[in-house]
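A.B. asks: Sequence and predicted structure are below.
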Amino acid sequence: MAAVAIFIIVAAVLVYLGFNDPEKSLSPRCLFNVLTGYSCPGCGSQRAVHALLNGRVADAWHYNAALFFALPLAAVYVLAPVRWHGVLYSKWFVAGIVVFLFGWWILRNVF
């Protein structure tokens, strides 16, 4: 039952983002960016998803390149068979994801 609810919520968000440009709609803004002027690791994700859903891959990459790695990884976490859980939830794999996110956070604000 929970999986159906999550699917419906994700589908609704994707439909909303597909038809509504986050820069021109009432989509939430990043509080970290508003307060500091710096981008968080997720900044630009709404615009990137909107661009992807409208076939603008280069724009999506520009808004948030990490999304191209995060979406497939999220799909793996959702769809992976139980036998993969030992790897996906291992402290080393999760630590690697955290290191990647912090690295992305720093690099996108430096360059």
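C.D. replies: Yep, it's here.

A.B. asks: CA only for contacts and neighbour counts going forward, please
C.D. replies: Fine.

A.B. asks: so how far is the helix or strand Phe32 falls within from its chain's centroid?
C.D. replies: Using DSSP states H and E, Phe32 falls within helix 31-36. Computed by CA atoms, centre = their mean, to the nearest Å, the separation of helix 31-36 from the middle of its chain amounts to 18 Å.

A.B. asks: what about dumping the CA coordinates of that helix to PDB?
C.D. replies: Extracted in PDB, the C-alpha atoms of helix 31-36 (Å, rounded to 0.1, in the frame of the first residue of the first chain):
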ATOM      1  CA  LEU A  31      16.600  27.700   1.800                       C
ATOM      2  CA  PHE A  32      20.400  27.200   1.900                       C
ATOM      3  CA  ASN A  33      20.800  29.100  -1.300                       C
ATOM      4  CA  VAL A  34      18.400  31.900  -0.200                       C
ATOM      5  CA  LEU A  35      20.300  32.300   3.100                       C
ATOM      6  CA  THR A  36      23.900  31.900   1.900                       C
END
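
A.B. asks: Of all the helix elements in the chain, which one is longest?
C.D. replies: helix 91-110 (DSSP state H).

A.B. asks: Chain neighbours aside, what residue packs nearest to the residue positioned nearest the centre of the chain?
C.D. replies: What sits nearest the mean C-alpha location of the chain, by CA atoms, centre = their mean, is Leu67, with 4.8 Å. Excluding its sequence neighbours, the residue lying closest to Leu67 (CA to CA, 6 or more residues apart in numbering) is Ser45, at 6.7 Å.
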